[in-house]
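Peer 1: Prediction below, plus the sequence it came from.
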Amino acid sequence: MKEPKEEWIEKQSNSIYKKMKTGSSNKAYSTLKTVHPRASVRADAVWNILTESATVL
């Protein structure tokens with residue numbers, strides 16, 4: 001059984017994925033900031049999300 005925090009994170013992840021898939025990147029970013037306030041997010045040329053600092057550089 002998952003802990004409540006894990007379930008919340010999974011729901012937020014699904015929400016972010018759905019928003020990105022529909023082209024709502026601003027809404028997805030806003031949701032991401034609620035999960036991880038210091039997240040650094042970039043997208044590459046084909047809109048793959050890059051979150052690791054090594055891939056962002």
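Peer 2: Thanks, I have it. Numbering: from 1, shown residues only.
Peer 1: how about stretch 7-19: buried residues?
Peer 2: 15-16, 19 (16 or more other CB atoms under 10 Å). The way it works is simple: take the backbone N, C-alpha and C, and place the C-beta from them, glycine included.
Peer 1: Burial check on residue 37, number of neighbours?
Peer 2: Residues lying near residue 37 (other CB atoms under 10 Å) number 7.
Peer 1: From the buried residues of stretch 7-19, which one has the minimum pLDDT?
Peer 2: When the buried residues of stretch 7-19 are compared by pLDDT, residue 16 scores lowest at 87.
Peer 1: correct me, but that one touches residue 30?
Peer 2: No: using CB atoms under 8 Å, residue 16 is not in contact with residue 30; the gap is 9.5 Å.
Peer 1: did I read that right, residue 12 in a helix?
Peer 2: Yes: the assignment for residue 12 by DSSP: H, G, I helix; E, B strand; the rest coil puts it in a helix.
Peer 1: who's in contact with the residue lying closest to it once chain neighbours are set aside?
Peer 2: Excluding the flanking residues, the one nearest residue 12 by CB to CB, 6 or more residues apart in numbering is residue 35, at 4.8 Å. Neighbour list for residue 35: 9, 12-13, 16 [criterion: CB atoms under 8 Å, 6 or more residues apart in numbering].
Peer 1: how about 10 Å then?
Peer 2: Applying CB atoms under 10 Å, 6 or more residues apart in numbering, we find residue 35 in contact with 8-9, 11-13, 15-16.
Peer 1: quick one on the thing from earlier: just the buried residues of stretch 7-19: which are in helices?
Peer 2: Those of the buried residues of stretch 7-19 mapping onto helices are 15-16, 19, per DSSP state H.
Peer 1: What segments of the protein are helices?
Peer 2: Assigned by DSSP H, the chain shows helices spanning 4-21, 25-35, 53-56.
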